[in-house]
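>>> after the sequence you'll find the predicted model.
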Amino acid sequence: MTSSVQAQKSGAGTAHPDHLGHVVFIAASAAMGGFLFGYDSSVINGAVEAIRDRYDIGSATLAQVIAVALIGCAIGAATAGRVADRIGRIRCMQIAAVLFTVSAVGSAVPFSLYDLAFWRIVGGIAIGMASVIGPAYIAEVAPPAYRGRLGSFQQAAIVIGIAVSQLVNWGILNAAGGDQRGELLGLEAWQLMLGVMVVPAVLYGLLSFAIPESPRYLISVGKHERARKILGEVEGRGVDLDARVTEIESAMHSEEKSRFKDLLGGSFFFKPIVWVGIGLSVFQQFVGINVAFYYSSTLWQSVGVDPTDSFLYSFTTSIINIVGTVIAMIFVDRIGRRPLAIIGSVGMVIGLALEAWAFSFDLVDGKLPATQGWVALVAAHVFVLFFALSWGVVVWVMLGEMFPNRIRAAALGVAAAAQWIANWAITASFPSLADWNLSVTYVIYTLFAALSIPFVLKFVKETKGKALEEMG
C-alpha cells in the first residue's frame, strides 16, 4: 500500500487536532530555538565597531571574528540530525540550550579576541543544531493541514529574535550614552548586549521539558504506545491512530534511521532531492540577507548615518522582517511554497538593484547624496520585506517537509550545513568587498536573486497539503 493511500485511510491528510492551542504551544516552544538562532546571529551587529576598536583590528580580521560563528553553525547543523536520531529531538534541543547559555556567558566576559572567537563558535554550534531540529520537529508533530503555518513558526521566531536583539542593543546603547564601549553594570555596553542572551537560552531549556517527543522518533525506537498517544494529541482523536502508526512505520522503511550514505546516489554524489535542498539553502544566503542583520549598523555608518540612528534603522529593518514573515505565514498554505518563492525573488531583485544603484554614487561630506540615501534606505527595507515574505519562510518550511521520512534528518542536516557555509562565505567576504566596491557587491547579490527564479521553476516541487509520508 502506498503512503498516499495509507494517509487517506488513516485520515492524516484532513486531520484537525482536538486542541489546536496545545499544538501551537508545542510548535512555539520548539521554535524558541529559532528565536535564539535569530538573536545570537544578529546581536553581534551591535558589537561590531566596539570589537574593532577594543582589539584594534582591520576589516579582514573583524570579518573572521564575526563569521567564525558560522563554522560552528555548519558543525552543529551537520551533526544535529544524527544526534536527534540517536537520542531524540527533545534531548537535542536541551543540548543546544546548554550551548547557547554557555556561549552567552563566555561572549560577555572574553579574556581576548581568540577567547571571544571560541565562544562564538560554541554559540554557532547551538544555532546550527537549532536550525535543524526546530523545523524537523515541527514538521513531525504538525498535522498536514497546519504544517505550513506551524512550520513558519521557526522563521517567525528567528525574525522576532533578530528584532528583539536590535531593540535590546538600541536600548543598551542609549543607556550607555551612545557609546558601544560605555560602561554598564561593570561591563562595556557591547559585552552586555552579548550576555543578555542567557535569559532566552535558559527559557528554551525549560520549555523543552514541557513538550512531547516526536512520535516519529518514538516509533523508530519501538515506543508505539507513547507515539500513539502523542499522535492523538496533535492530530485529533478522529484519526485512525493504529493506521497512522503503520503508515509512519512503512514510510520509515522498517525503522531504518537516516544515515549519510542514504543521501548518496545519482550523477553528482548526492541524490537529486538533496541537491535541491542544498540549492534552496545556498540561494537563500547568496542574496546577501544576513549582511542586513550582521553589518547593517556598520553599513549605515559607512555612508554617513550617525551610530544611534544606524541602530534605529537596524531595528526598523527587523520590524519589516517580522511584517513580511507574518504575510508569509498567512499565505504559505494558501497559495503554496513555489509561488511565494518566485514573488519574493522578483521583489528582492528590485530592492537589491536599487541599493546597488544608490551605493554607486560618491559620498558628499561623508554621506550619500540625499536622494540616493533615501533610495538606499527604502530599497533595503523592500529587499528585507520580500525576502521575509518568501525565501525566509519557504526554505525552512520546505526543508522540513520535502525529504522522504527515511532520510529527512540527515538530508536536512546537510542542507542546513550548506546554508551555514554559504552564510559564512557572504559574512566573511562582505567587509572586504564593501571596502573594494559596495555597489558591485550589491550587483552580485542581485544576480543571485535573479538566478533563484529559474532554479525554483525548474527544480523545486510544490509540497503544499501533502502528508510527510507522501514525500519522496
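It's in.

>>> contact partners for A175?
Neighbour list for A175: L184, A189 [criterion: Cβ atoms under 8 Å, 6 or more residues apart in numbering]. All C-beta spots, glycine's among them, are computed from the backbone N, C-alpha and C.

>>> packing partners for the longest helix along the chain?
Taking DSSP state H as the assignment, the helix of the chain that covers the most residues is helix 408-459. Applying 3 or more Cβ pairs under 8 Å, 6 or more residues apart in numbering; DSSP states H and E, one finds that helix 408-459 contacts helix 59-87, helix 113-141, helix 272-286, helix 291-294, helix 296-302, helix 337-359, helix 391-401.

>>> which of these has the lowest average pLDDT?
Among these, helix 296-302 carries the lowest mean pLDDT, at a mean of 70.

>>> and the helix or strand just after that one, what's its mean pLDDT?
Next along the chain after helix 296-302, taking DSSP states H and E as the criterion, comes helix 307-331. Here helix 307-331 scores 82 as its mean pLDDT.

>>> next, the buried residues of helix 307-331.
307, 310-315, 317-321, 323-329, 331 (16 or more other Cβ atoms under 10 Å).

>>> helices or strands up against that helix?
Counting by 3+ Cβ pairs under 8 Å, 6+ apart, helix 307-331 packs on helix 147-175, helix 291-294, helix 296-302, helix 370-388, helix 391-401.

>>> most packed of those?
Of the helices and strands packed on helix 307-331, the one with the most neighbours on average (mean count of other Cβ atoms under 10 Å) is helix 391-401, at a mean of 27.

>>> which secondary structure elements does it contact?
helix 113-141, helix 147-175, helix 272-286, helix 307-331, helix 337-359, helix 408-459.

>>> so which of those is nearest E188?
For the helices and strands packed on helix 391-401, the distance to E188 is smallest for helix 147-175, at 10.1 Å, taking Cβ to Cβ.

>>> let me know the angle separating the closest one from helix 391-401.
130 degrees (axes from the mean of the first three to the mean of the last three Cα atoms, to 10 degrees).

>>> can you give me the mean pLDDT across helix 147-175?
Helix 147-175 comes out at a mean pLDDT of 84.

>>> list of residues touching the helix or strand following that helix?
On the C-terminal side of helix 147-175, the closest following helix or strand by DSSP H and E is strand 183-184. Strand 183-184 is contacted by residues I172, A175, A176, A189, L192 when judged by Cβ under 8 Å, 6+ apart.

>>> just stretch 135-142 next, same as before
23, 26-27, 30-31, 81, 84, 89, 93, 147, 150-151, 153-154, 212, 214-217, 230, 234, 396-397, 399-401, 408-409, 412, 468.

>>> how about 7 Å then?
Under the contact criterion Cβ atoms under 7 Å, 6 or more residues apart in numbering, stretch 135-142 has outside partners 23, 26-27, 30-31, 84, 89, 147, 150-151, 153-154, 214-216, 234, 396, 399-401, 408-409, 412, 468.
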